[in-house]
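S.K.: Build me a structure from this.
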Amino acid sequence: MSGSTKVMGVLTVSALVVVTAYTAALGSNGWLWFGWVVLGMVTIGVIASRSG
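M.R.: Presented below is the predicted three-dimensional model:
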């Protein structure tokens, strides 16, 4: 994996931690989860395109 791919992976995992903490503290927010899913899909797409 290249440096930018690793950064995207770390960002995705960090966003998951933040969204989970927000949900635990303040309740679920569908837009946050939607944003995290989109970020995860983009990250997976970048990883797939660079490894292929």
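S.K.: Helices of the chain, start to end?
M.R.: With DSSP state H, the ranges of helices along the chain come out as 3-26, 30-51.
S.K.: list the buried ones in the last one?
M.R.: Meaning helix 30-51. Across helix 30-51, burial judged by 16 or more other Cβ atoms under 10 Å covers Trp36, Leu39, Gly40, Thr43, Val46, Ile47. Just so you know, the C-beta spots here come from the backbone N, C-alpha and C atoms, and that holds for glycine as well.
S.K.: Looking at those, which is nearest Ser4?
M.R.: For those, the closest approach to Ser4 (Cβ to Cβ) belongs to Val46, at 7.9 Å.
S.K.: Any figure for the gap between the closest one and Leu16?
M.R.: Relative to Leu16, Val46 is positioned 17 Å away (criterion: Cβ to Cβ, to the nearest Å).
S.K.: now do Ser2
M.R.: Applying Cβ to Cβ to Ser2 and Leu16 gives a distance of 21 Å.
S.K.: What of Gly27?
M.R.: Taking Cβ to Cβ, one finds Gly27 at 17 Å from Leu16.
S.K.: Tell me which of those two has more neighbours.
M.R.: Shown here are Gly27 and Leu16; by other Cβ atoms under 10 Å, Leu16 has more neighbours (14 against 7).
S.K.: quick one: the more buried one and Trp36 touch, right?
M.R.: Yes - the pair Leu16 / Trp36 is scored as a contact, 6.0 Å apart, by Cβ atoms under 8 Å.
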